[in-house]
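S.K.: Generate coordinates for the sequence data below:
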Amino acid sequence: MRFRSGLAWTVLLVGGLAPAQEAPERLFSADTQIYFRWDGTATQRAAFEKTALHKVVFEEFGPLFDSLTAKLTRDKHTQLFRKLAEQGCALGVEFRNVSPLEFETILVLPQASQHAEALFELLRQAIERAGLEADKFQSGGREVHYAEKEGLYLAWWADGKDLVLSLSTDAPKTMLSRLSKRPGLDQNPHFRQLQEYREFATTARGYADIPALLKLAEQLQPEMPKAIEILGLRDLKTYQFHMGFDGPALRTVAIFDAPGPRKGLLKLLSGKPFTLADLPRLPPEITSFDATSLDLGLLYDIVLDLVGQLAPPPEVEQLRQQISDINRALGIDLRSDLLGSLGSRIVSYHSKSAISLLGMTILLEIKDEAKLRQAVTQLTRGCEKLSDGKVRVRTSTYRNVPLHSLYVEQEEFPFTPTFALHQGWLVVGLYPQTVQDFILRQKGELPAWVPDAAMKQALNRAPKAFTAVSVSDPRPGVLTLWGLAPIAGAMVANNFPQLEFDVGLIPHSYAVARHLFPTVSVTTDDGKTIRLQNWTAVPVLDLLAESDTMMLWLMMASTSMLGRSVGGTFEVIEDRVGGVPAVPPPPPPPPKDRR
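M.R.: Reported below is the predicted structural model:
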């Protein structure tokens, strides 16, 4: 239990809702551009224990972690950090100038003054190892320690019941003098807005003053103001995030205040909302899918506009000529004929039914099918011409739907990219089977995806309409990959007996997976505010939703390396024997006895 009671601070930001102006914030100025607050492990412990994260980390992996870290948890430094984590931390960053650089970063450890001696000793040791000298002075009843290198000052001191660390371009005395005179963070409108959030009890929160940071960024390069204008970033007013618990899920919310009219990149996010009912029939065994509203033609225009206004004129002219040459060689206008024929909805998913591995399918909504079909026909001819025959396009018919497959003359290229137009979608897959799977499913010849109980519960947490949605299920990946963990554990135990590693402490894959549920991420936009929300069980396990793909790449890489190794070995042998098979010659006959 020692490790499980202290691991929370390294695994999750656990805490409670902060009042409007807590003690640590008194040290931050009203001009703070970046602010972060974590409430620590001592608050909302009961809520954390109800989450899937707690069940996986502390209940299933707890005995294993306790065994591996039995010595570590007795270390005095580990105990110190565990105590410091109970009250969390507050961080404020203020940039006053970029050229020359003028800034200060202040980290406050609330209610930690009783640990000052131990923490300060660690800091002094680190300073000495860096080859620096620490000094100290008295200021307002505080003993301030500091070290300097190349105009940067690291300082630390006890301020009432709190411990404070700062990194600044100002000398500590100058910084402390300014701290006592400037308005506090409670005068900052972004901070006040942050504290008014009440959707759920948060454990961590923060904001970034986007306009103030952009104003500083303009000092970096002469072209920066124009780039900011083209990208439409001036429409961003503020950014804030919140993290906390929503039943068994860890929930995060990112909010961008972006009132219209928008342009540039922000205009890309102003897509038409949709629901899950607007998506085509998906495979029943999908492990992940994403859908978003994104105008690819608008993205193309923004990129060209940005390059055209920022790059040197000769390079801009060269790029335009290259695009013109490509269009002429392909026989189409990529912007008008191809991108202009597409809608704004893009869907991607991973299916095991189409092909056992790498069943990734991408769907692009079609706006003008007749125009796109003509462009695709011309595009296939142009690809063959541009590649000098190294790319061959084969067109076949499957269920009365034309399929176009690309065969590439390239060693170790294990794909046959295929695409088709069907029922309002441009379907693209790495193999013909993935496209065939989509066709069969839309015709009703194969079953469609129906959310299971865990998926329904996860989706019920999110809004019903959105401009983007992402769903990934880590459970199949955990069952597949974590099922191999005992093999790795046995190799460790047998090869390093001195570790006394107990393979039996590795939790069963089903014991871990039973606590998990699909991760859901959605983006919504009401025209004034863009909200990105996420509900997940254990964040790092989201990567396992594509476990089959990961395993395939590992197998392909291993096979390629083995092939090169074996081939190289035979080449060395052949070189050494001059092209003759390396068979040892027969021994000479024994000498005859002449007596």
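S.K.: For the rest of this, base every contact and every neighbour count on C-alpha atoms.
M.R.: Fine.
S.K.: How far off centre is the helix or strand Leu304 falls within?
M.R.: With secondary structure defined by DSSP states H and E, Leu304 is part of helix 296-310. With Cα atoms, centre = their mean, to the nearest Å as the basis, helix 296-310 stands 25 Å off its chain's centre.
S.K.: cool, and stretch 31-49?
M.R.: That offset, for stretch 31-49, works out to 22 Å (Cα atoms, centre = their mean).
S.K.: low-scoring stretches of this protein, by residue?
M.R.: 1-23, 70-77, 351-358, 542-595 (pLDDT under 70).
S.K.: what helices or strands is the strand or helix carrying Gly477 leaning on?
M.R.: For Gly477, the enclosing helix or strand under DSSP H and E is helix 475-481. Applying 3 or more Cα pairs under 8 Å, 6 or more residues apart in numbering; DSSP states H and E, one finds that helix 475-481 makes contact with helix 509-513, helix 547-576.
S.K.: Try it again at 7 Å.
M.R.: Other helices and strands packing on helix 475-481, by 3 or more Cα pairs under 7 Å, 6 or more residues apart in numbering; DSSP states H and E, are helix 509-513.
S.K.: Who are the packing partners of the helix it packs on?
M.R.: Packed next to helix 509-513, using 3+ Cα pairs under 7 Å, 6+ apart, are helix 475-481.
S.K.: what comes up buried for the helix it packs on?
M.R.: Of all the residues in helix 475-481, those buried under the rule 16 or more other Cα atoms under 10 Å are Arg475, Pro476, Gly477, Val478, Leu479.
S.K.: Return the distance of that helix from the chain's centre.
M.R.: How far helix 475-481 lies from its chain's middle: 20 Å, per Cα atoms, centre = their mean.
S.K.: Next: stretch 513-522.
M.R.: 16 Å.
S.K.: Output that stretch as PDB, nothing but the C-alphas.
M.R.: Provided in PDB are the C-alpha atoms of stretch 513-522 (Å, rounded to 0.1, in the frame of the first residue of the first chain):
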ATOM      1  CA  ALA A 513      -9.400  -4.600 -19.700                       C
ATOM      2  CA  ARG A 514     -12.600  -5.100 -17.600                       C
ATOM      3  CA  HIS A 515     -12.100  -1.600 -16.100                       C
ATOM      4  CA  LEU A 516     -11.700   0.100 -19.500                       C
ATOM      5  CA  PHE A 517     -14.100   1.800 -21.900                       C
ATOM      6  CA  PRO A 518     -13.800   3.600 -25.200                       C
ATOM      7  CA  THR A 519     -12.300   7.000 -25.300                       C
ATOM      8  CA  VAL A 520     -14.500   9.700 -26.800                       C
ATOM      9  CA  SER A 521     -13.300  13.100 -28.000                       C
ATOM     10  CA  VAL A 522     -15.600  15.700 -29.600                       C
END
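S.K.: Give the buried residues for that stretch.
M.R.: Ala513, His515, Leu516, Phe517, Pro518, Thr519, Val520, Ser521, Val522.
S.K.: So the closest residue to Val56 other than its chain neighbours versus Ile506, what's the distance?
M.R.: Closest residue to Val56 apart from its sequence neighbours, by Cα to Cα, 6 or more residues apart in numbering: Val512 at 6.0 Å. Note on Val512: its distance to Ile506, by Cα to Cα, to the nearest Å, is 10 Å.
S.K.: same check, this time on Arg129
M.R.: Noted for Arg129: a distance of 38 Å to Ile506, by Cα to Cα.
S.K.: Tell me which of the two has more neighbours.
M.R.: Ile506 (18 against 10; other Cα atoms under 10 Å).
S.K.: Which helix or strand contains the residue nearest to that one when sequence neighbours are not counted?
M.R.: Nearest-residue entry for Ile506: Leu64, 6.3 Å, with adjacent residues in sequence omitted and distances by Cα to Cα, 6+ apart. Per DSSP H and E: Leu64 is located in helix 62-68.
S.K.: So which bits of that helix are buried?
M.R.: For helix 62-68, by 16+ other Cα under 10 Å, it's Gly62, Pro63, Leu64, Phe65, Asp66, Leu68.
S.K.: and it, how far from the chain's centre?
M.R.: Relative to its chain's centre, helix 62-68 lies at 28 Å (Cα atoms, centre = their mean).
S.K.: which residues in the stretch 1-150 of the chain form helices?
M.R.: 2-6, 8-11, 45-48, 52-54, 62-68, 76-85, 116-129 (DSSP state H, counting those that start in this stretch).
S.K.: So which of the ones you listed is nearest Ala420?
M.R.: Counting by Cα to Cα, Ala420 lies closest to helix 52-54 out of the helices of the stretch 1-150 of the chain; the figure is 41.5 Å.
S.K.: which residues in the stretch 401-550 of the chain form helices?
M.R.: Using DSSP H, counting those that start in this stretch, helices in the stretch 401-550 of the chain cover 432-442, 453-460, 475-481, 485-495, 509-513, 547-576.
S.K.: oh, I was asking about the stretch 201-350 of the chain
M.R.: 210-217, 224-231, 265-268, 296-310, 313-330.
S.K.: re earlier: what's the angle between the helix holding Leu304 and helix 224-231?
M.R.: Interaxial angle, helix 296-310 versus helix 224-231 (axes from the mean of the first three to the mean of the last three Cα atoms, to 10 degrees): 160 degrees.
S.K.: and helix 296-310, which residues are buried?
M.R.: Buried, per 16+ other Cα under 10 Å, within helix 296-310: Leu296, Gly297, Leu298, Leu299, Ile302, Leu306, Val307, Gly308, Leu310.
S.K.: from memory Lys367 sits against Ser341, does it?
M.R.: Yes - judged on Cα atoms under 7 Å, Lys367 makes contact with Ser341 at a distance of 5.3 Å.
S.K.: neighbour-wise, which of these two wins?
M.R.: Applying other Cα under 10 Å to Lys367 and Ser341 shows that Ser341 carries more neighbours, namely 20 against 17.
S.K.: Skipping its backbone neighbours, what lies nearest the more buried one in space?
M.R.: Closest residue to Ser341 apart from its sequence neighbours, by Cα to Cα, 6+ apart: Asp368 at 4.8 Å.
S.K.: so how many other residues sit close to Leu122?
M.R.: Leu122 has 12 nearby residues by other Cα under 10 Å.
S.K.: what's the distance between it and Pro417?
M.R.: 57 Å.
S.K.: Please apply the same query to Thr480.
M.R.: For Thr480, the distance to Pro417 - Cα to Cα - is 27 Å.
S.K.: nearest spatial neighbour of Gly489, skipping sequence neighbours?
M.R.: Val503 (5.6 Å).
S.K.: what residues are up against the one you found?
M.R.: Applying Cα atoms under 7 Å, 6 or more residues apart in numbering, we find Val503 in contact with Pro486, Gly489, Ala490.
S.K.: go again using 8 Å as the cut-off
M.R.: Contact analysis of Val503 by Cα atoms under 8 Å, 6 or more residues apart in numbering lists Pro486, Gly489, Ala490, Ala493.
S.K.: Likewise for Gln309?
M.R.: Contact analysis of Gln309 by Cα under 8 Å, 6+ apart lists Lys226.
S.K.: So it versus Glu223, what's the distance?
M.R.: Distance, Gln309 to Glu223, by Cα to Cα: 9 Å.
S.K.: quick revisit: would you reformat the helices of the stretch 201-350 of the chain as TSV and include distance to Thr78?
M.R.: Converted to TSV, the helices of the stretch 201-350 of the chain look like this (distance: least, Cα to Cα, whole Å):
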stretch	distance to Thr78
helix 210-217	36
helix 224-231	45
helix 265-268	45
helix 296-310	49
helix 313-330	56
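S.K.: between the ones you listed, which gets nearest to Arg82?
M.R.: Comparison of the helices of the stretch 201-350 of the chain against Arg82 by Cα to Cα identifies helix 210-217 as nearest, at 33.8 Å.
S.K.: Alpha carbons only: can I get the closest one in PDB?
M.R.: Coordinates of each C-alpha in helix 210-217 appear next as PDB, following Å, rounded to 0.1, in the frame of the first residue of the first chain:
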ATOM      1  CA  ILE A 210      -3.500  34.400 -26.700                       C
ATOM      2  CA  PRO A 211      -3.600  38.100 -27.700                       C
ATOM      3  CA  ALA A 212      -0.800  39.000 -25.400                       C
ATOM      4  CA  LEU A 213       1.400  36.100 -26.600                       C
ATOM      5  CA  LEU A 214       0.700  36.900 -30.200                       C
ATOM      6  CA  LYS A 215       1.800  40.500 -29.600                       C
ATOM      7  CA  LEU A 216       5.100  39.200 -28.300                       C
ATOM      8  CA  ALA A 217       5.400  36.700 -31.200                       C
END
